[in-house]
Structures are given as C-alpha cells and as structure tokens.
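Chemist: just the structure for this:
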Amino acid sequence: MKHKSIFRTLLAVALLVQAAFLGAQDFQGTATYHSATKMNIKFKSPVGDDALSEDLKKQLNKQMQKEYTLNFTLSESTWKENESLSGGGMSASSGGVTTQVITMGGGNKGILYKNTAEARFEQEQDVFGKHFLVKDELQKYDWQLTGETKKIGNYNCQQAVYEKITTRKSFKMISSSVNDDETKENDMEEVQDTIKVTAWFTPEIPVSHGPENYWGLPGLILELNNGRTTMVCSKVVLNPKEGVELKMPSKGKEVNREEFRKIQEAKVEEMMKKYSGGGGGTFRISTGGGQ
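Modeler: Residues are numbered from 1 along each chain as shown. Here you go, the predicted model:
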C-alpha cells in the first residue's frame with residue numbers, strides 16, 4: 001500500500017511538471033537505446049554435434065544486439081529500430097545436416113506509435129514478407145515501485161516492476177534421421193511463461209514513455225529488462241533545435257492485436273509444414289506470450 005501511495009504521489013507530481021512544461025514550451029525529445037537479447041536454442045541432431053547449436057546461438061545473440069530511437073512529446077512517441085548491417089537468416093551445417101532458424105517478431109523494423117493520452121498504439125509489423133498495420137489499445141501495466149534507486153547517466157532513476165503469467169504457442173518440428181526412412185513430427189504446444197519486467201525510470205524527464213510497448217510510469221523509462229532482453233538508454237536530447245518528427249506508421253493491412261496474433265500462428269504453422277520436407281534436427285518457432 002505504501003508503494004502504491006508513493007506511485008500516486010509521483011504520478012501527480014509528474015502531471016504537474018508536465019503541465020508546467022506544456023505552458024512554457026512544446027516539450028519534446030529523442031532518446032537512443034541499445035538492446036541485447038539472449039536466446040536459448042535447443043537443438044537435437046542425429047549427428048550429435050553440440051557445436052552446431054553453439055554456432056547458431058552465437059549468430060542469433062549477435063543479431064539481437066540492436067539500436068533504437070524513441071522520439072517523444074508529452075503524450076506521443078514513435079519507436080523504430082535503426083538500420084544495421086546485421087540481419088538475415090541463420091544457418092549452420094555439420095555432418096551433412098543443415099539447420100535453419102526462423103524467428104518471429106525479432107526483426108521488425110516498422111514504426112511503433114504510442115499515444116499515452118488516448119491509450120492507443122499503431123504499429124507496422126511484418127510476417128514473412130506480408131505487411132500489417134496493427135491498431136489497438138495500449139496494454140496497461142500494473143507497475144509496482146520497489147524503492148530501489150540508481151543513476152543512469154546524469155539522471156536519478158527509480159525502479160518499478162511488473163509481473164504477469166502469459167500463454168504462448170510453440171511449434172516444434174522433429175526429424176529423427178537424415179535417411180529416406182526418416183520420421184517427422186510437427187507439434188504445437190501451449191507454454192505458460194511468467195513475464196517479469198524491471199524498469200528504471202526518471203521523474204526528471206516527465207513523460208510516460210518507454211522502449212517498445214512499455215509506458216505508464218511517471219517519467220521516461222531509461223532501462224528495461226523483460227527476462228530475455230535488456231534495453232538501456234545511451235543518449236537523451238531534450239528540445240533539440242531541429243525539433244522532433246513523429247512519423248506515423250502507414251504500411252500494411254489494418255488489423256487489431258488479436259487478429260494479428262492469429263495471422264502469426266497460422267503463418268508459422270504453414271512454414272513448419274514447408275520446412276518439414278527434409279534435413280535432420282529440431283527447431284522451434286514461438287509466437288505470443290510477449291507483452
């Protein structure tokens with residue numbers, strides 16, 4: 001109860017500061033984030049080569065080191081991955097077996113727009129070359145203050161956590177042999193995950209924005225960890241002379257969050273059937289269970 005009371009007080013103060021900024025100027029800014037994601041690849045091969053899995057793991061972890069830009073005003077923001085040389089598919093070979101890894105949602109370079117005043121978002125998404133424009137309400141996070149503090153750069157930050165049990169679908173393809181008599185199995189299983197998110201926000205920048213879909217704290221989120229991915233802000237520029245452009249997402253067929261989730265699952269199942277035609281080994285593709 002004490003933390004909830006502190007949270008309400010911080011939120012009220014942030015709103016007052018926002019009002020002061022709004023009366024004085026068109027408050028805006030830009031923040032640069034760097035992220036790193038650790039992936040656990042489980043691979044079983046008839047040749048029994050652990051180096052195959054390690055090679056794929058190194059490739060995937062390298063691809064998951066990304067840079068993003070968050071442009072924001074008091075109530076609106078856009079989030080976009082910056083261009084990089086890393087990308088593309090991943091594969092490794094050993095003993096005549098070639099394994100490919102297909103990821104969902106990890107390479108999206110579309111624009112994410114959030115409007116915290118209206119609690120809504122719009123996001124460009126890509127599913128194996130097909131473009132979608134997802135529009136829906138922003139998810140509300142039941143943030144809990146922990147009382148922990150630290151400095152990130154020049155800003156004093158406070159810690160908030162969020163925890164939720166989610167369900168995701170995991171598609172698994174198993175090939176038991178590389179011979180003509182090989183047996184194959186395509187499975188779809190539901191897996192429950194406990195998502196624990198830790199955020200560090202600074203009331204010194206009085207906006208309710210953060211990386212990706214995260215928002216709802218009385219200050220800009222400068223660091224966030226959701227269990228697999230850590231995102232850290234490396235640079236903040238407030239009220240730049242050239243101003244901040246909030247480019248709205250516009251590409252793709254318009255769908256809501258639930259419609260997009262079903263499209264993802266259907267496409268993954270289709271790809272699993274396509275890739276079950278040859279080669280030994282095991283790989284998984286997962287959808288859902290995120291935010």
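Chemist: quick one: low-confidence parts of this protein?
Modeler: Within the chain, the stretches with pLDDT under 70 are 1-25, 39-64, 84-108, 168-188, 275-291.
Chemist: ranges for the helices of it?
Modeler: Assigned by DSSP state H, the chain shows helices spanning 2-24, 50-63, 257-275.
Chemist: CA atoms of the last one as PDB?
Modeler: Same thing as helix 257-275. The C-alpha coordinates for helix 257-275 follow below in PDB (Å, rounded to 0.1, in the frame of the first residue of the first chain):
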ATOM      1  CA  ARG A 257      -3.900  -7.200 -31.800                       C
ATOM      2  CA  GLU A 258      -5.900 -10.400 -31.700                       C
ATOM      3  CA  GLU A 259      -6.300 -10.600 -35.400                       C
ATOM      4  CA  PHE A 260      -2.500 -10.200 -35.900                       C
ATOM      5  CA  ARG A 261      -1.800 -12.900 -33.300                       C
ATOM      6  CA  LYS A 262      -3.900 -15.400 -35.200                       C
ATOM      7  CA  ILE A 263      -2.200 -14.400 -38.500                       C
ATOM      8  CA  GLN A 264       1.200 -15.100 -36.900                       C
ATOM      9  CA  GLU A 265       0.200 -18.500 -35.700                       C
ATOM     10  CA  ALA A 266      -1.300 -19.500 -39.000                       C
ATOM     11  CA  LYS A 267       1.800 -18.400 -40.900                       C
ATOM     12  CA  VAL A 268       4.200 -20.200 -38.500                       C
ATOM     13  CA  GLU A 269       2.200 -23.400 -38.900                       C
ATOM     14  CA  GLU A 270       2.400 -23.000 -42.700                       C
ATOM     15  CA  MET A 271       6.200 -22.600 -42.500                       C
ATOM     16  CA  MET A 272       6.600 -25.600 -40.200                       C
ATOM     17  CA  LYS A 273       4.900 -27.800 -42.800                       C
ATOM     18  CA  LYS A 274       7.100 -26.300 -45.600                       C
ATOM     19  CA  TYR A 275      10.300 -27.000 -43.700                       C
END
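Chemist: now that helix: buried residues?
Modeler: F260, R261, I263, Q264, E265, K267, V268, E269, M271, M272, Y275 (16 or more other C-beta atoms under 10 Å). For every residue, glycine as well, the C-beta is placed using N, CA and C.
Chemist: make TSV from those residues and add distance to P249 to it.
Modeler: TSV is the format used below for the buried residues of helix 257-275 (distance: C-beta to C-beta, whole Å):
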residue	distance to P249
F260	13
R261	18
I263	17
Q264	18
E265	22
K267	20
V268	23
E269	27
M271	25
M272	29
Y275	30
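Chemist: for the residues you listed, name the two members farthest from one another.
Modeler: Across these, no pair lies farther apart than F260 and Y275, at 22.4 Å, counting by C-beta to C-beta.
Chemist: which residues sit in contact with T69?
Modeler: Counting by C-beta atoms under 8 Å, 6 or more residues apart in numbering, T69 makes contact with T30, A31, T32, Y33, W79, K80, N82.
Chemist: in PyMOL, how would I select the buried members of these?
Modeler: Buried members of those, defined by 16+ other C-beta under 10 Å, are picked up in PyMOL with:
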select buried, resi 30+31+33+79+80
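Chemist: got a markdown table for the contacts of T69, with distance to K253 too?
Modeler: Formatted as a markdown table, these follow (distance: C-beta to C-beta, whole Å):
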| residue | distance to K253 |
| --- | --- |
| T30 | 30 |
| A31 | 30 |
| T32 | 31 |
| Y33 | 29 |
| W79 | 21 |
| K80 | 20 |
| N82 | 26 |
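Chemist: so which of the contacts of T69 belong to strands?
Modeler: T30, A31, T32, Y33, W79, K80 (DSSP state E).
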